[in-house]
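Participant: mind folding the following:
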Amino acid sequence: DDAGLDHLLAAELRTGALREGTTAPGLRKVFRAYADGLRRNNALARAHTAVPVDVPVVLVRPDRGLLDTADPLGWDTLTPLLATARCPGDHYSMLRHPEALAVLADLTSPLAR
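Facilitator: Model (predicted):
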């Protein structure tokens, strides 16, 4: 693991993807935090069972999502009234990026009336 991490660290420093002074232990800590976050998110998702509903649902997908597909990825099994919309950004920025928030505001404003 250490040899691979050292190789990755050298490549990332060389390309400028990481700041000068980044150490292998620091990079390992980032990887562990990321992996711990994935494990936590997976545990939260596994603990929840979605039930079908008979209300309109809008699935908002980011332009830069992990999967480049129009498939609603199973959300259509939860309601016959599914609409899909896209917004700028990715899963991390779609709730804070001003252009993405404008899309979300437009989608939700009729619901508030």
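
Participant: double-check that T84 belongs to a strand.
Facilitator: Yes. Under the criterion used here (DSSP: H, G, I helix; E, B strand; the rest coil), T84 sits inside a strand.

Participant: for it, what are its contacts?
Facilitator: V58, L59, V60, R61, A70, P72 (Cβ atoms under 8 Å, 6 or more residues apart in numbering). Bear in mind the C-beta positions are built from the backbone N, C-alpha and C, glycine included.

Participant: so where does the fourth one fall, helix or strand?
Facilitator: With the criterion set as DSSP states H and E, the secondary-structure element containing R61 is strand 57-62.

Participant: what is that strand packed up against?
Facilitator: Packing contacts for strand 57-62, counted by 3 or more Cβ pairs under 8 Å, 6 or more residues apart in numbering; DSSP states H and E, involve strand 82-87, helix 98-112.

Participant: looking at the contacts of T84, point me to the pair that's furthest apart.
Facilitator: The span of the contacts of T84, defined through Cβ to Cβ, is set by V58 and A70 at 15.0 Å.

Participant: those two: which is more packed in?
Facilitator: In terms of neighbours (other Cβ atoms under 10 Å), V58 is the more surrounded of V58 and A70; the figures are 14 against 9.

Participant: returning to that earlier point: how far off centre is the strand holding R61?
Facilitator: Remark: strand 57-62 is offset 13 Å from the chain centroid, using Cα atoms, centre = their mean, to the nearest Å.

Participant: output the below-cut-off pLDDT ranges for this protein.
Facilitator: 110-113 (pLDDT under 70).

Participant: show me the helices in it, by range?
Facilitator: Remark: helices assigned in the chain by DSSP state H are 2-15, 24-46, 98-112.

Participant: export those to CSV and tack on distance to P80 and mean neighbour count?
Facilitator: Listed next are the helices of the chain as CSV, based on distance: least, Cβ to Cβ, whole Å; neighbours: other Cβ atoms under 10 Å:
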stretch, distance to P80, mean neighbour count
helix 2-15, 47, 11
helix 24-46, 23, 11
helix 98-112, 18, 12
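
Participant: would you turn these into JSON lines with distance to T77?
Facilitator: Formatted as JSON lines, these follow (distance: least, Cβ to Cβ, whole Å):
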{"stretch": "helix 2-15", "distance to T77": "39"}
{"stretch": "helix 24-46", "distance to T77": "16"}
{"stretch": "helix 98-112", "distance to T77": "21"}
